[in-house]
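In: Build me a structure from this.
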Amino acid sequence: MYPSLSSHVLSEESNLIDDLDPKPEDDRKLMRKLGASFFLFGLINNVLYVIILSAALDLVPPLTPTGIIAFCNIAPALVAKVGWPSLGMLVVILFDSLFARLIGIGLASFSSGNLPTSQQ
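Out: You can find the predicted model right below:
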């Protein structure tokens, strides 16, 4: 009965859908930003480890084995990978409140590497 009203509603819906579609240049810009971010965070993540291992001979006295530097560099991460999930699951098991269980789940996933970039 009211063709102008229905056509107006349809044109409004199509405008809303068009506004939701990202433009290809926006996608490329976003992908460049994400790529640069992951690259920089990857460098920051590994730089301390590489610097300490490469300077191991300069950091210790000459008679100290350099393997001890590697062990001291890796041991905290190993403890975190083994300890945090166990602590988190204990919190989930021992407490009945929702908040405590959410904290336990957060502790368990803290070191489990649930992000896609940490899976190797």
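
In: And the helices in the chain?
Out: With DSSP state H as the criterion, the chain has helices at 3-20, 24-54, 56-59, 67-94, 98-110.

In: In a markdown table, list those helices along with mean pLDDT.
Out: Putting those into a markdown table (pLDDT from 0 to 100) gives the following:
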| stretch | mean pLDDT |
| --- | --- |
| helix 3-20 | 53 |
| helix 24-54 | 83 |
| helix 56-59 | 76 |
| helix 67-94 | 83 |
| helix 98-110 | 85 |
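
In: can you list the ones you listed in a markdown table and add mean neighbour count?
Out: Glycine gets a C-beta too; all of them are placed from N, C-alpha and C. Below are the helices of the chain laid out as a markdown table (neighbours: other CB atoms under 10 Å):
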| stretch | mean neighbour count |
| --- | --- |
| helix 3-20 | 9 |
| helix 24-54 | 10 |
| helix 56-59 | 12 |
| helix 67-94 | 13 |
| helix 98-110 | 14 |
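
In: Please work out how many residues are found near Thr66.
Out: 12 (other CB atoms under 10 Å).

In: So what's the predicted local confidence for it?
Out: On pLDDT, Thr66 comes in at 74.

In: Quick check: closest non-adjacent residue to it.
Out: Ala56 (4.5 Å; CB to CB, 6 or more residues apart in numbering).

In: show me what contacts the one you found?
Out: Residues in contact with Ala56 (CB atoms under 8 Å, 6 or more residues apart in numbering) are Thr66, Ile69, Ala70.

In: That one and Ile44: what is the separation?
Out: To Ile44, Ala56 is 21 Å away according to CB to CB, to the nearest Å.

In: again with Ile74
Out: 18 Å.

In: likewise Gly35?
Out: For Gly35, the distance to Ile44 - CB to CB - is 15 Å.

In: Same question for Ser37.
Out: Ser37 sits 11 Å away from Ile44, taking CB to CB as the criterion.

In: what does Asn73 give?
Out: Note on Asn73: its distance to Ile44, by CB to CB, is 16 Å.

In: Sweet, I'm off.
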